[in-house]
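In: sequence first, predicted model second:
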Amino acid sequence: MLALFLATHLMSGVVLSDPPLPRPANPPIRPRLIVLLVVDQLRPDQLLRYRGEWTGGFKQALERGAVYSHGLQDHAITQTAPGHATLLSGRFPAHTGIVTNDIGVVDSLARVIRDSGAVGASPRRFRGTTLVDWLIARDSATRVLSVSRKDRGAILPVGRAKSEVYWWSDLGFFTTSRYYRNTLPDWVAAWNARGPVARLAGRTWELLRPAATYPEADGSRYERGRDGRDAFPHRLTDRMPDAGAWLKHFPWMDSLTLDVALDGAHALGMGRRGAGRTDVLSISLSATDDVGHDFGPDSREIHDQLLRLDHWLGWFMDSLARGVPPSETVFVLTSDHGSLPIPELIPSAQGGGGRIWPAGLSAGLRRKFGPRWQSDFGFRFDYGLLVADVAALQARGVAVDSLRAALVQELSARQGIARVFTPATLASAPPSNRMAARWKRTIPSDIEWLVAVVPKENMSWSTDSVGANHGTPAELDVLVPIVLWGSGIRSGGHSRPVRTVDIAPTLARLLGIRPTARLDGVPLGEGERASRRFRASRARTTPRAARTGPP
Ligand SMILES: [Zn+2]
């Protein structure tokens, strides 16, 4: 399937012709604003598949951008937290310390403001610095605002800096944690007071365009309709009073996120400190992820979600441009991970797909070690990585190497598992082993672990019998778009593999600032040339439509 995917979407029109890009910044550029746009669970083929239908933000990105259509979140656990942590740090999970969602921003000491039922969140596990810290080192007045539906999507791009960082509470408002502040600022409180949930509660998600313009089938029984129905229309109406939590499964969550980000940009004067002073605005948009989980990355719902997001991004950029000239802004569009299709919908001609149930392994450990398995030995199996307190196991007389050998034997025999690494076999794997390399980039040297699992192609980690997932080191899970545009960046298409850890060093070079630590990524744009056919194809996009704001 991957070969077909690459042939269809990525490798077409690779004719090298343009001068290098981004233009080496000499002297460095000093944009007023860096805008990082993260579309959670966006694959490059989705961005290009509907290219002719974009009229808003995606159209602007593809027309003005240096478009890297083979971007990689080049690590093994392709989840939201580790993905976001790579973006402005320039470092892999093995070096940021953010390995999984569960070992991400969860922090019971950092309570969430106005939401005492929520688990707290902070960047305490994040190691090292980000572009935000490098900018602050040059200019201590640098303004930083980060917004997302998800706590991890808001927190991790900016690292440990105590910036303006806000995310959505399931109770139906934007908030933050006490790591950052003790009360919400006036502009967030004022935005919340406008009653975002009440404004949307009666809505029904209908198709934006005539049904005949969507080639996707609707209503597969493997889709997970949040309203109990798998086909359009989807209703939020009956979900009160929990609409604040349900809203995240609907496209409007993204319009709310962009709306609060715009209010924040105005309130904080982002990009308005005068020429040569650079601020950072990070926005992570999560509805694509939720809709993708529910209906799959090839669904009519994803198509419609992306049409809406394109429109809202266009509205957002137009609105932002009234305060900060686009010529003095640098935009980055990327994602935290890709996605696998709904396994049951992968045709047998492409090998078919399947689900692997991690709960089975945990149950096996429980049987073997009884009540001590978690409390004494800290066993935890999360997206292919089995961690444990190896020292405690040894102290209780467990022969850890024998345990590892038994685990390898048991797991290798299970359906859907291609390879099981131990620390020893991972260390000795050759650099050409792509899956081993992704695991090496994932596991910090001070984490004790027993085995790391590589699923077979088209196999998803799953806890449900419907919907789609991501989280494996497979190609479709690591694939993301990377698009940069604006001040100092030349447009063009690039098909060579690049990585999300390259974003931070690229921006640092453009800005003429120095990272304070060794990075895993390298600046993009060295001696590169864009695809001629890509440039020609950009002329085919549809004309721009009039835009209205979010609901
Ligand atoms: Zn997800």
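Out: Yes, it's here.

In: show me the domain layout of the chain.
Out: Taking automatic domain parsing as the domain assignment, the ranges for the chain are 29-345+471-539, 354-457.

In: right, so those domains: which one is the most enclosed?
Out: For those, average neighbour numbers computed from mean count of other C-beta atoms under 10 Å are highest in domain 29-345+471-539, which has a mean of 21. To be clear about C-beta, it is placed using only N, CA and C from the backbone, and glycine gets the same treatment.

In: quick one on the thing from earlier: in JSON lines: the domains of the chain, plus distance to S465 and mean pLDDT.
Out: Below are the domains of the chain laid out as JSON lines (distance: least, C-beta to C-beta, whole Å; pLDDT from 0 to 100):
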{"stretch": "domain 29-345+471-539", "distance to S465": "8", "mean pLDDT": "93"}
{"stretch": "domain 354-457", "distance to S465": "7", "mean pLDDT": "93"}
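
In: mind putting those into CSV with distance to D464?
Out: Below are these laid out as CSV (distance: least, C-beta to C-beta, whole Å):
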stretch, distance to D464
domain 29-345+471-539, 7
domain 354-457, 8
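
In: wait, G244 sits on A198?
Out: No. Checked against C-beta atoms under 8 Å, the pair G244 and A198 is beyond contact range at 10.1 Å.

In: pull the contacting residues for the closest residue to V324 other than its chain neighbours.
Out: Leaving out its chain neighbours, the residue that sits closest to V324 by C-beta to C-beta, 6 or more residues apart in numbering is G271, at 3.6 Å. When contacts are counted by C-beta atoms under 8 Å, 6 or more residues apart in numbering, G271 touches R32, L33, A265, D279, L281, G323, V324, E328, T329.

In: list of residues touching the helix or strand harbouring L510?
Out: Counting by DSSP states H and E, the element that carries L510 is helix 503-511. Residues outside helix 503-511 that contact it (C-beta under 8 Å, 6+ apart): 22, 24-25, 28-31, 34, 87-90, 130-131, 134-135, 278, 330, 332, 334, 482, 484, 488-489, 514-515, 519, 521-525.

In: just the ones of those in helices?
Out: L87, L131, W134, L135 (DSSP state H).

In: quick check: closest non-adjacent residue to the second one.
Out: Just to be clear, that refers to L131. Nearest non-adjacent residue to L131 (C-beta to C-beta, 6+ apart): L88, at 4.3 Å.

In: what residues are up against the one you found?
Out: L36, T130, L131, V132, P157, V158, G159, V280, S282, I503, A504, L507.

In: let's verify the nearest residue to D464 once chain neighbours are set aside: helix, strand, or coil?
Out: Spatially, and ignoring its direct neighbours in sequence, D464 is nearest to R224 (7.2 Å; C-beta to C-beta, 6+ apart). Classification of R224 using DSSP: H, G, I helix; E, B strand; the rest coil returns coil.

In: contacts only, for R224.
Out: By C-beta under 8 Å, 6+ apart, the contact list for R224 reads D230, H293, D294, F295, D464, V466, G467.

In: now with 7 Å, please.
Out: Residues in contact with R224 (C-beta atoms under 7 Å, 6 or more residues apart in numbering) are D294, V466, G467.

In: same deal with Q46?
Out: By C-beta under 7 Å, 6+ apart, the neighbours of Q46 are P297, I302, L306.

In: that's a helix at it, yeah?
Out: Yes. Residue state for Q46 (three-state DSSP) corresponds to a helix.

In: what separation do you get for the residue lying closest to E448 once chain neighbours are set aside and G354?
Out: Nearest residue to E448, sequence neighbours excluded (C-beta to C-beta, 6+ apart): V390, at 4.2 Å. Going from V390 to G354 by C-beta to C-beta, to the nearest Å gives 31 Å.

In: with A275 instead?
Out: Applying C-beta to C-beta, the value for A275 to G354 is 56 Å.

In: next one: the residue of the chain positioned farthest from its centre from A405, what distance?
Out: Residue farthest from the centre of the chain, counting by C-alpha atoms, centre = their mean, is G397 at 41.7 Å. Distance, G397 to A405, by C-beta to C-beta: 17 Å.

In: what's the answer for L450, then?
Out: Using C-beta to C-beta, we find L450 at a distance of 10 Å from A405.

In: what does V132 give?
Out: Distance from V132 to A405, by C-beta to C-beta: 45 Å.

In: how about M253?
Out: Distance from M253 to A405, by C-beta to C-beta: 46 Å.

In: can you check Q41 too?
Out: Taken as C-beta to C-beta, the span from Q41 to A405 is 36 Å.

In: over to A137?
Out: Applying C-beta to C-beta to A137 and A405 gives a distance of 48 Å.

In: next: G338.
Out: On the measure of C-beta to C-beta, G338 and A405 end up 33 Å apart.

In: now do P325
Out: With C-beta to C-beta as the criterion, P325 and A405 are 62 Å apart.

In: please apply the same query to V480.
Out: As judged by C-beta to C-beta, V480 and A405 stand 36 Å apart.

In: now do A437
Out: 23 Å.

In: all the strands of the stretch 251-400 of the chain, residue numbers only.
Out: Applying DSSP state E, counting those that start in this stretch to the stretch 251-400 of the chain gives strands spanning 279-285, 329-334, 354-356, 380-382, 385-387.

In: would you format the ones you listed as a markdown table with distance to H311 included?
Out: Formatted as a markdown table, the strands of the stretch 251-400 of the chain follow (distance: least, C-beta to C-beta, whole Å):
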| stretch | distance to H311 |
| --- | --- |
| strand 279-285 | 13 |
| strand 329-334 | 15 |
| strand 354-356 | 34 |
| strand 380-382 | 36 |
| strand 385-387 | 39 |
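
In: can you tell which of these is closest to G56?
Out: strand 329-334 (12.1 Å; C-beta to C-beta).

In: all helices of the stretch 101-250 of the chain, in order?
Out: 131-138, 151-155, 186-193, 196-200, 243-246 (DSSP state H, counting those that start in this stretch).

In: to T80, which of those helices lies closest?
Out: Nearest to T80, of the helices of the stretch 101-250 of the chain and by C-beta to C-beta, is helix 151-155 at 5.4 Å.

In: what about the helices in the stretch 301-450 of the chain?
Out: 359-369, 372-375, 390-395, 400-412, 423-428, 434-440.

In: quick one: closest of those to S286.
Out: Taking the helices of the stretch 301-450 of the chain one by one with C-beta to C-beta, helix 434-440 is closest: 23.9 Å.

In: I'd like to know how far R51 sits from K59.
Out: For R51, the distance to K59 - C-beta to C-beta - is 8 Å.

In: ok, now T204?
Out: For T204 relative to K59 (C-beta to C-beta), the value is 27 Å.

In: Y50 too?
Out: 10 Å.
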